[in-house]
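**Student:** pasting a predicted model and its sequence here:
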Amino acid sequence: MNPLRIHIVCTANVCRSPLAERLLAQKLEAAFPGSFLVSSSGTRADGRIPLDPAVVRELSERGLQPPEGRRPLGAQDLSKADLVLTMEQMHRGVVLDRWPQLLRRSFTLVEFARLESAAADGGRREGESFRERWASALVDLTQHRSIVPAGAQGNDVADPYGLGPERFAEALAQIESCLDQVLRFAKRVM
């Protein structure tokens, strides 16, 4: 089976998206070995800004290697991504400007988690491959965008870069909670 591709986007690819990339890859690999490829990039990444030291520290404490380099959005073709998760609505807009065919396969991370937490644990569709079930379940989620409104905090993960340990801890907790919903989604459609 070809692995499903999940791509995560933030601004500079130095804090939120590389952190989410490694954490999600770890969760998915533990549950579904070899079934997913997780990558990340930034809408304004240029490779000159180093990874946030808090990200390096957090990943190291978990025994995870930080991603190599700051990858700009567009360094790889996202048109075949099975899911694109962005940290902010603005990032999703940039993705859709370049790859409009990703409309039903792109969400902010917070939006995806909110929609998945409200989703029913529907039964498996017999005769469909994992990839077909994944695509069908994403379409189901998109149909609930207007039904399950954003909470008071909206659909964005606030950027903690350079704002101190408290803000980083808040963003980390939000990202981890949302990634748990991505894992729930994968388990639900397997």
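**Tutor:** Happy to help now that I have it. Numbers count the residues shown, from 1 in each chain.
**Student:** drop to CA atoms for contacts and neighbour counts, all remaining ones
**Tutor:** Fine.
**Student:** now for the residue lying closest to Val157 once chain neighbours are set aside, how many residues are close by?
**Tutor:** Nearest residue to Val157 in three dimensions, chain neighbours excluded: Met87, at 5.3 Å (C-alpha to C-alpha, 6 or more residues apart in numbering). Residues near Met87, counting by other C-alpha atoms under 10 Å, number 26.
**Student:** ok, now which ones touch Met87?
**Tutor:** Ile8, Val9, Cys10, Arg16, Ser17, Thr108, Leu109, Val110, Asp156, Val157, Ala158 (C-alpha atoms under 8 Å, 6 or more residues apart in numbering).
**Student:** swap in 10 Å and give it another go.
**Tutor:** 8-11, 16-17, 20, 42, 107-111, 155-159, 175 (C-alpha atoms under 10 Å, 6 or more residues apart in numbering).
**Student:** with Gly162 instead?
**Tutor:** Here Gly162 is in contact with Cys15, Asp52, Pro53, Ala54, Phe168 (C-alpha under 10 Å, 6+ apart).
**Student:** what's the closest of these to Gly63?
**Tutor:** Nearest to Gly63 out of the contacts of Gly162 is Ala54 (C-alpha to C-alpha; 14.2 Å).
**Student:** quick one, phi/psi of the closest one?
**Tutor:** phi -70, psi -40 (degrees, to the nearest 10).
**Student:** neighbours around it, how many?
**Tutor:** The number of residues packed near Ala54 is 18, by other C-alpha under 10 Å.
**Student:** I'd say it and Pro66 touch.
**Tutor:** No - assessed by C-alpha atoms under 10 Å, Ala54 is found out of contact with Pro66, at 11.1 Å.
**Student:** how about the strand or helix carrying Ala171: buried residues?
**Tutor:** According to DSSP states H and E, Ala171 maps onto helix 165-189. Using 16 or more other C-alpha atoms under 10 Å as the test for burial, helix 165-189 gives 168, 171-172, 174-175, 178-183, 185-186, 188-189.
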